[in-house]
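A.B. asks: let me see the structure of the following:
(chains A and B)
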Amino acid sequence: MRWQFSNDAPIYTQLIRQIKVGIVSGGFPPGERLPSVRDLATEAGVNPNTMQRALMELERDGLVYSQRTAGRFVTEDKAMIETAKRGLAERHIKTFLEAMLNLGFQQEEIVSLLRQETGEEETNHVSSGM
Amino acid sequence: MSVLECKDLCKSFGHAQALDHVSLAVEPGRIVGLLGPNGSGKTTLIKLANGLLTPSSGEITVCGMAPGRESHGLVSYLPERTSIPTWMTTTQLLDFYGDFYSDFRRDAAEEMLAHLNIQSRQRIKQMSKGTREKVQLIMVMSRAAKLYLLDEPIGGVDPATRDYILSTIIGNYDPEAAVVISTHLISDVEKVLDEVIFINQGRLVLQSSVDDIREEKGMSVDELFREVFKC
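C.D. replies: Residues are numbered from 1 along each chain as shown, chains lettered A, B, ... in the order given. Predicted coordinates for the structure are as follows:
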């Protein structure tokens, strides 16, 4: 797993998001045991207390659970993982839309550009105006 | 109990006021960045904490004790300049540390040295600057101390060595101990820290958690530092 951090948000929230991505994308499969806090912190190059805080938040949301002696595990609840996936997708879409609106595109133009990019629409009327 | 505590701590060298009424506390389990521009008093504070200097006024304590023979057993110190005897081989260095410090974890040191492919018969003086820094850090982190004082552990080494040093600090994390890292290479250490202490011209400017700064200011500690200490 590759860990990356930006300057504008707390590190623990960025850790939460990246572990979620790991769970959703199968990097950490359902029911699998997570590495220890220390190992995860070393791998990500972050403070162990910060990693602990991120895992506790994920635990509170139910995406991971801990078993007293055995460690922390990824949930086996597929529906919950699907919800997390949706949540992550919504964030990406929101950021994308904001950037496009900033560039001066209208909603319909954006949808049409997306169709074009994904090859769903052969002709495009909007791009001729660009 | 705080691992390190300063109350109204002052230190002057002749007319120069190196530390000016500094009050702060460092709790166990914390990795703390001691940050400030050159000449702000970082090294002076560290030297006061391990008894190499004595306060002009005010108080400094390590685990409740004034720095002295008893506190030396609790403090593991990495000086700014390499201080290990360079004529020794790695094995001799391990013996040396084992003799001096009852809390020296030889197994841990040997494991870390092996990981770096450092031969036991190799002499310190035959090593590159980067390797020497790594060896010295390994020695310092292999003690089961209560307070680690690391003065500029990542200054003057390449980025890969920097990463190694930081991951060694994380890998040896002990919830009972505190680590104080002085540096001005903030963007490199920021993610490793719980909290930061900003000092400038001997005065405490700020003590805050890294994520609180990011949450409240919407910027990294590095960016905040550049703003606070703008020349």
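
A.B. asks: how about residue B:131, what does it touch?
C.D. replies: For residue B:131, the set of contacting residues under the criterion of C-beta atoms under 8 Å, 6 or more residues apart in numbering or on different chains consists of B:116, B:118. For glycine as for every other residue, the C-beta is placed from the backbone atoms N, C-alpha and C.

A.B. asks: make it 10 Å
C.D. replies: B:116, B:117, B:118, B:122, B:124, B:157, B:161 (C-beta atoms under 10 Å, 6 or more residues apart in numbering or on different chains).

A.B. asks: number of residues surrounding the second one?
C.D. replies: Look at residue B:117: counted by other C-beta atoms under 10 Å in any protein chain shown, it has 8 neighbours.

A.B. asks: check the secondary structure at it for me.
C.D. replies: Following DSSP: H, G, I helix; E, B strand; the rest coil, the label given to residue B:117 is coil.

A.B. asks: low-confidence ranges in chain A?
C.D. replies: A:121-130 (pLDDT under 70).

A.B. asks: can you map out the helices along it?
C.D. replies: Assigned helices in chain A, in chain order: A:11-24, A:37-44, A:48-61, A:78-102, A:107-117 (criterion: DSSP state H).

A.B. asks: quick one: the strands in chain B?
C.D. replies: For chain B, the strands defined by DSSP state E cover B:4-13, B:16-26, B:31-35, B:57-62, B:75-78, B:147-151, B:178-183, B:195-200, B:203-209.

A.B. asks: nearest to chain A, out of the ones you listed?
C.D. replies: Chain A lies closest to strand B:31-35 among the strands of chain B, at 5.7 Å (C-beta to the nearest C-beta).

A.B. asks: note down every partner strand of the closest one and its orientation.
C.D. replies: Strand B:31-35 sits in its sheet next to strand B:178-183 (parallel), strand B:195-200 (parallel), going by DSSP bridges.

A.B. asks: re the thing from before, CSV please, covering the strands of chain B and showing mean pLDDT and mean neighbour count.
C.D. replies: Formatted as CSV, the entries for those read as follows, by pLDDT from 0 to 100; neighbours: other C-beta atoms under 10 Å in any protein chain shown:
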stretch, mean pLDDT, mean neighbour count
strand B:4-13, 97, 18
strand B:16-26, 96, 18
strand B:31-35, 97, 25
strand B:57-62, 97, 18
strand B:75-78, 96, 22
strand B:147-151, 96, 23
strand B:178-183, 96, 25
strand B:195-200, 96, 21
strand B:203-209, 95, 17
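
A.B. asks: identify whichever of the ones you listed lies nearest to residue A:108.
C.D. replies: For those, distance to residue A:108 was read as C-beta to C-beta. The smallest value, 45.7 Å, belongs to strand B:203-209.

A.B. asks: the inter-axis angle of that closest one versus strand B:195-200?
C.D. replies: Compare the direction of strand B:203-209 with that of strand B:195-200 by axes from the mean of the first three to the mean of the last three C-alpha atoms, to 10 degrees and you get 160 degrees.

A.B. asks: what lies in contact with strand B:203-209?
C.D. replies: Outside of strand B:203-209, the residues that reach it under the criterion C-beta under 10 Å, 6+ apart are A:10, A:47, A:49-50, B:6, B:9, B:17, B:19-26, B:30, B:32, B:35-36, B:40-41, B:45, B:193-200, B:213, B:215-217, B:221, B:224-225, B:228-229.

A.B. asks: tell me the contacts of residue B:193?
C.D. replies: Contact analysis of residue B:193 by C-beta under 10 Å, 6+ apart lists A:11, A:46-47, A:49-50, B:30-35, B:169, B:179, B:181, B:183, B:186, B:209-211, B:221.
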